[in-house]
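Asker: Compute the structure for the input listed below.
(chains A and B, ligands or ions: 1)
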Amino acid sequence: MSKILIRGAKILGGEPQDVLIDGETVAEVGTGIEAGDATVVEAAGQILLPGLVDLHTHLREPGREDSETVLTGTRAAASGGFTAVHAMANTFPVADTAGVVEQVWRLGKESGYCDVQPVGAVTVGLEGKQLAELGAMHDSAAGVKVFSDDGKCVDDAVIMRRALEYVKAFDGVVAQHAQEPRLTEGAQMNEGVVSAELGLGGWPAVAEESIIARDVLLAAHVDSRVHICHLSTAGSVEIVRWAKSKGWNVTAEVTPHHLLLTDELVRSYNPVYKVNPPLRTEADVMALREALADGTIDCVATDHAPHPHEDKDCEWAAAAMGMVGLETALSVVQQTMVDTGLIDWAGVADRMSFRPAAIGRLEGHGRPVSAGEPANLTLVDPAYRGAVDPAGFASRSRNTPYEGRELPGRVTHTFLRGRATVVDGKLA
Amino acid sequence: MLRLPGGNPRTPRHLISAADLTRDDAVLILDTAEEMARVADRPIKKLPTLRGRTVVNLFFEDSTRTRISFEAAAKRLSADVINFSAKGSSVSKGESLKDTAMTLEAMGADAVVIRHGASGAPYRLATSGWIDGAVVNAGDGTHEHPTQALLDAFTMRRRLVGADAGIGKDLEGRRITIVGDILHSRVARSNVHLLTTLGAHVTLVAPPTLVPVGVEQWPCDVSYGLDEVLPKSDAVMMLRVQRERMNAAYFPTEREYSRRYGLDGLRMARMPEHAIVMHPGPMVRGMEITAEVADSDRCTAVEQVANGVSTRMAVLYLLLGGSETALPSAARTEENK
Ligand SMILES: [Zn+2]
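Answerer: Residues are numbered from 1 along each chain as shown, chains lettered A, B, ... in the order given. Sure, this is the predicted structure:
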C-alpha cells in the first residue's frame, strides 16, 4: 500500500507535526518523520482535522437525480472535507425499508469519495402514521442507527414516543425535524418584523420550540435518545440547555447557514435564501453561535439540500426550500466560530467530526489523529480567502446563498482511509 | 423637471413598493395626477404622450377593477395596451412568471403592470434580468399595492386640502385610520409607508389576530378598539374582510366582527364633521361597512375609482418618461404665452 507523509500540519490547530499514513491507517505522528518512499504533502501553516462527518445530507438519490446523485453528492462532500455523510431518508421512494437503505449504502460504497451512512425513515412514507421497519433497516447491511422523517416533523406525540422507545433496542436515535405543522401552514419565512413588511407567511419560532419541548420531555420519560435537527432559534437553545441540565439524552445540530445568515436577506425575495427552518434574526444567530461554543448545541450539520435551477429561478412562494452546503460548511464555521474566537480548531474537530460521529454511532470516523487510527483526515488552509463560485461546485446543484461572498479557509486535501479524495483543492 | 419614482437603488425604473418613494417623489406623482385629472375634464381626454409605447397588463390574479383602471390610464396616454391574463391557464406554477416575462420582452413591452398572488413577484420581475421594461406593481400577494396607496393619498389630499390648494403639498399632520384585515392587506402595507412619508399619522385598527407579528416596527399606532380612534380621525379607511377568515379562527363570527369593527351610521357620527370614509373596494356591505355609510356623501369609494385612473396615468407617464412638452401643464403654459 502507498504511503503519504503530511509534513508540518497543525493537528487540531496545535504545534506543527508530521503525520505518516500507511495504507488505510495513520502509522505515525511526530516531528521529523523521514519521508522514505512516501508521497510528501507539504502542509506548513495548514490545519489537520479528523475527516468531517455530516449528520444531515440530502443526496436525493433515488428519485431526484436531476438535483444530486450519491456520486455527485459524495464528490461535493469530499470537496468540503467530509469523509462521512448521513443520507436523509426523504428520497423517492422514501428510505423506509431495508431495500432502499441498502441501495443508498451500496451506491455510497461504489462512489468511493465519502462513506455514506443511510438514515432510515421513522414512519412509512414519512407520513407520520405508522412506524417503518426500523429494526429491519438497522439489521440490514446499511446498519442504520439514525432515524428521521426529516422534511417532515413526526408531529403525532404517540408515534414519536413509540419511535423513541423502539430504537432503544439497538441504540438508535430519532432525529427530529421540529416543525409543528398547524402553526406553519403556508409558512414562507421567519415570522417577525421582516415577514410583516414583506407580506410573506410566517414560520414562528414557537412552531419549532414547542415540538422540541415536547420531545425532550418524551425522551426523558422513556429514557431514550433524541437528536434535534437544524435547531434555529434562541428559544430552542434555552430548551435544549435546560434538558441537558437535567441530564437527559438530548443532542442538537445547527446548520452553517443559521450561524451566518438572517431573515433580512429575504428582503431581496431571492429564493436562494428560502430554507426550512427559515433564516431567523440576528439575535437567534448570536444565540446559536454561543450555544455551539458552549456545547449546548453538539454539532454542525449541513442540511445540504440540492435543488435544480428552475426550482429557485422563480417567485419566492413557488420556490423550493433548501440550500447546498457541503462545500462551504467549513468556511462558514471558520468565519462565524473560529475567526470570531468562539472556538478553536480543536473545537471544530469536535463539532464537525467527533460529536456527529458519536451521535450517529458511526465507526471509523470522528477518531483522534493518532497512530493506529483510520486515516480519515482533512487538511485546511485557514489563510485562504476567496469568493464563492458555484460554477466550481462538485455538487450537481448550485443553490448556494453564498455566491460571490468572500469566505475564509479552503480544504486542500481530504483522505478517506488513506486514499486522497481531494488533492490541492481539487477532486482526485 | 421629470423625475422617476422608485427610490430603491435596486429598482430605479420601477414602482414596486410605496416604501421606495420619497416625500418629493410622492408629491410629484400626486401633482402630476392632478394635471391628469384636469385632462379628464377636457372634451378630448387623450394625450399623445405615450404614442408608440406598449403597456402590458400581466394579471395572474383576477382583478377586473384594477386592470380596467390601468388600461384606461394607458389608453388616455395613447399607449398600446396588451392584456395578458395568466389566471386559469396552465401557467400556475413558478417558472411561468419567468417564461411569461420573456414572452413579453420579446413583444417589446415598455412597461409591465403586474398583479400576482405571490408577494415579491414584481420585485423578482424587476431585479431578475428577465425583462428590460419598467415594472409597476399592481398588487402582489399580501405585500403591497402602491398605486392604490397613491390614489388613496390623492383622494385624501383633494378632500382634506383641496384640488388646487393641494398642489405641492403633502398630508402633514392628518390622522388616518385603517380598519380591518391588516395581516392579509397589501393596501394597508402600502398606505402605512406612503402616508407616513407624506407626513400623516396612521393608526391601524383590527382584532389582534388580524395584525401581523412584527407590526410594532411599523411607523404607526395599532389599536384594538375602533370607537376610541374614530373621533381623532380625518379619514377612516375600511378594508375588505373576507368571510373565509373566520374559518381559520381569525374571528368567531361575521356578526361579532361587524359589531366590533364594522362602520355603521352611529359610529360614523363619532367622526369629526370633515372626516371622510374610504374603501379600496370591493366592499362587503353588512360586514365591514353598512349600506348607509357606503352610500353616504362622506364615503369616497366611487371617487377613488376615478382618481385611480388619474394616478395611474401619472405613474405610467413618469416611469415611461413621456416627453416634457406633452405635460398638460406645459401645454397650458404654451397657451398662456
Ligand atoms: Zn429538516
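
Asker: so what's residue A:250 up against?
Answerer: Counting by Cβ atoms under 8 Å, 6 or more residues apart in numbering or on different chains, residue A:250 makes contact with A:216, A:219, A:225-228, A:240, A:243-244. (Each C-beta comes from the backbone N, C-alpha and C, glycine too.)

Asker: for the stretch 151-300 of chain B, what spans make up the helices?
Answerer: Ranges of helices in the stretch 151-300 of chain B, per DSSP state H, counting those that start in this stretch, are B:186-197, B:254-261, B:265-268, B:291-294.

Asker: just the stretch 251-400 of chain A next, same as before
Answerer: Counting by DSSP H, counting those that start in this stretch, the segments of the stretch 251-400 of chain A that form helices are A:256-260, A:282-294, A:329-333, A:345-349, A:355-359.

Asker: Kindly reformat the ones you listed as a markdown table containing mean pLDDT, mean neighbour count and distance to residue B:122.
Answerer: Shown next, in a markdown table, are the helices of the stretch 251-400 of chain A (pLDDT from 0 to 100; neighbours: other Cβ atoms under 10 Å in any protein chain shown; distance: least, Cβ to Cβ, whole Å):
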| stretch | mean pLDDT | mean neighbour count | distance to residue B:122 |
| --- | --- | --- | --- |
| helix A:256-260 | 98 | 25 | 27 |
| helix A:282-294 | 98 | 18 | 28 |
| helix A:329-333 | 98 | 27 | 32 |
| helix A:345-349 | 98 | 21 | 43 |
| helix A:355-359 | 98 | 23 | 43 |
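
Asker: Nearest to residue A:170 among those helices would be which one?
Answerer: Closest approach to residue A:170 among these (Cβ to Cβ): helix A:355-359, 15.0 Å.

Asker: Against which helices or strands is that closest one packed?
Answerer: The contact analysis (3 or more Cβ pairs under 8 Å, 6 or more residues apart in numbering or on different chains; DSSP states H and E) places helix A:355-359 against strand A:52-57, strand A:250-254, strand A:299-300.

Asker: Output the below-cut-off pLDDT ranges for the chain.
Answerer: Picked chain A for this. Low-confidence segments of chain A, defined by pLDDT under 70, are located at A:1.

Asker: oops, I was thinking of chain B
Answerer: Where chain B drops to pLDDT under 70, the residues are B:1-11, B:87-95, B:322-337.

Asker: which parts of it sit against chain A?
Answerer: Contact residues, chain B versus chain A (Cβ under 8 Å from any Cβ of the partner chain): B:93-95, B:97-98, B:116-121, B:123-124, B:127-128, B:140-144, B:186, B:189, B:212-218.

Asker: Now do the strands in the stretch 101-250 of chain B.
Answerer: Residue ranges of the strands in the stretch 101-250 of chain B, as given by DSSP state E, counting those that start in this stretch, are B:111-116, B:134-140, B:175-179, B:201-205, B:221-223, B:235-238.

Asker: Just the closest residue of the stretch 201-337 of chain B to chain A, please.
Answerer: Nearest residue of the stretch 201-337 of chain B to chain A: residue B:214, at 3.3 Å (Cβ to the nearest Cβ).

Asker: which residue does the stretch 301-428 of chain A bring closest to the ion?
Answerer: Closest contact between the stretch 301-428 of chain A and the ion, by Cβ to the ion, is at residue A:303 (6.2 Å).

Asker: That residue: how many residues sit nearby?
Answerer: Neighbour count for residue A:303, taken as other Cβ atoms under 10 Å in any protein chain shown: 29.

Asker: What separation do you get for it and residue A:316?
Answerer: The span separating residue A:303 from residue A:316 equals 19 Å under the rule Cβ to Cβ, to the nearest Å.

Asker: Residue A:159 now?
Answerer: According to Cβ to Cβ, residue A:159 stands 32 Å off from residue A:316.

Asker: of those two, who's got more company?
Answerer: Using other Cβ under 10 Å, the more surrounded residue of residue A:159 and residue A:316 is residue A:316, with 26 against 18.

Asker: ok, now which ones touch that one?
Answerer: Contacts of residue A:316 were listed using Cβ under 8 Å, 6+ apart, and they are A:188, A:200, A:266, A:269, A:271, A:274, B:118-121, B:124.

Asker: cool, residue B:134 as well?
Answerer: With contact taken as Cβ under 8 Å, 6+ apart, residue B:134 is in contact with B:13-15, B:110-112, B:319-320.

Asker: Rebuild those residues as a markdown table, extending it with neighbour count.
Answerer: Formatted as a markdown table, these follow (neighbours: other Cβ atoms under 10 Å in any protein chain shown):
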| residue | neighbour count |
| --- | --- |
| B:13 | 16 |
| B:14 | 25 |
| B:15 | 31 |
| B:110 | 19 |
| B:111 | 26 |
| B:112 | 28 |
| B:319 | 22 |
| B:320 | 22 |
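
Asker: just curious, which of these is nearest to residue A:330?
Answerer: residue B:14 (39.6 Å).

Asker: Output the set of residues of the stretch 151-300 of chain A in proximity to chain B.
Answerer: A:188, A:191-200, A:202, A:204, A:268-270.

Asker: still on that earlier bit, close enough to count as contact, the residue of the stretch 301-428 of chain A closest to the ion and residue A:58?
Answerer: Yes: counting by Cβ atoms under 8 Å, residue A:58 is a contact partner of residue A:303 at 7.4 Å.

Asker: joint contacts of these two?
Answerer: In terms of Cβ under 8 Å, 6+ apart, residue A:303 and residue A:58 are both contacted by the residues residue A:322.

Asker: How far does stretch A:195-203 sit from its chain's centre?
Answerer: Between the centre of stretch A:195-203 and the centre of its chain there are 28 Å (Cα atoms, centre = their mean, to the nearest Å).

Asker: Number of residues surrounding residue B:254?
Answerer: 16.

Asker: Any idea which residue is closest to the centre of chain B?
Answerer: Central residue of chain B (Cα atoms, centre = their mean): residue B:148, 0.7 Å from the mean position.

Asker: correct me, but that residue touches residue B:281?
Answerer: No: between residue B:148 and residue B:281 there is no contact under Cβ under 8 Å: 9.7 Å.

Asker: and chain B, what are its domains?
Answerer: With domains defined by automatic domain parsing, chain B comprises B:18-144+B:305-336, B:146-303.

Asker: hang on, residue B:57 packs against residue B:109?
Answerer: No: Residue B:57 is beyond contact range of residue B:109, at 10.1 Å (criterion: Cβ under 8 Å).

Asker: who touches both of the two?
Answerer: Common neighbours of residue B:57 and residue B:109 (Cβ under 8 Å, 6+ apart) are residue B:82.

Asker: how about residue A:31, what does it touch?
Answerer: Residues near residue A:31 by Cβ under 8 Å, 6+ apart: A:16-18.

Asker: ok, residue A:396 - how many residues close by?
Answerer: 20.

Asker: picking up where we left off before, identify, out of the helices of the stretch 151-300 of chain B, the most deeply packed stretch.
Answerer: Counting by mean count of other Cβ atoms under 10 Å in any protein chain shown, helix B:186-197 has the highest mean neighbour count of the helices of the stretch 151-300 of chain B, with a mean of 26.
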